[in-house]
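Q: just to be clear, the model below is a prediction. Sequence and coordinates:
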Amino acid sequence: MGSMKVILVSSCLAGFKVRYNGTSVENAAVRWLVTHGQAITVCPEIMAGFTIPRLSAEIVGGSAADVLNGKAYVRECNGNDVTAKYIAGAQMVLEIARKNNVQAAFLKENSPSCGVNTIYNGQFDGHLLRGSGITAYVLKAEGIKVYSDLELNYAKIKPFVPVSVSEQFINAVG
């Protein structure tokens, strides 16, 4: 008997207003997956105890790997070092992923937690660079397929949902 494949998604993509500025970036496909029991939502920043709204934060001085190795850090725009909370949030999400046999994650691009391919450069000037957020990095290191919300499409979702669900999905979302 095969175990169910579980998808993990950033809470903000499901429509929850948990982003640093109190907004969501609802994605119709993610919302459908969550409301039809095909995905579970996480927000590493809320899980780590951050408030809504909260100050924007960026990885400074390196990559997610550098943060985990103590060579870089996560700083809020006012200069506060919040590295420990970002690492704690990532570890909580990783535990959820392990306990739920998560096979794939669709995360919010550019975030210091959930960025998959790009994150802000640490200068708080709006510029992006190649790299992953801390949560995305630890999930990838665990062998989970991690996709950006910008890559979210039926072809990426299909391998992780039952055939009956994928047919409903295509009819509902397209």
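A: Nice, I can see it. Numbers count the residues shown, from 1 in each chain.

Q: now do the phi/psi pair for the closest residue to Leu33 other than its chain neighbours.
A: Closest residue to Leu33 apart from its sequence neighbours, by Cβ to Cβ, 6 or more residues apart in numbering: Ala39 at 3.9 Å. Using the backbone N, CA and C atoms, a C-beta is placed for each residue, glycine as well. Ala39 has phi and psi values of phi -150, psi 150 when expressed as degrees, to the nearest 10.

Q: distance of Ala39 from Leu152?
A: According to Cβ to Cβ, to the nearest Å, Ala39 and Leu152 sit 11 Å apart.

Q: find residues that contact each of those two.
A: Taking Cβ atoms under 8 Å, 6 or more residues apart in numbering as the criterion, Ala39 and Leu152 both touch Val30, Phe106.

Q: hmm, back to that, please name the bridge partners of the residue nearest to Leu33.
A: Ile7 (DSSP bridges).

Q: just to check, it is in contact with Trp32?
A: No. Applying Cβ atoms under 8 Å as the test, Ala39 and Trp32 come out as separate, 9.0 Å apart.

Q: who's more crowded, Ala39 and Leu152?
A: Per other Cβ atoms under 10 Å, whichever of Ala39 and Leu152 has more neighbours is Ala39, with 26 against 19.

Q: so who does the residue nearest to Leu33 touch?
A: Val6, Ile7, Leu8, Val9, Ala14, Val30, Leu33, Phe106.

Q: wait, which of those is closest to Thr118?
A: Phe106 (15.2 Å; Cβ to Cβ).

Q: is the closest one in a helix, a strand, or coil?
A: Phe106 carries the three-state label strand when classified by DSSP: H, G, I helix; E, B strand; the rest coil.
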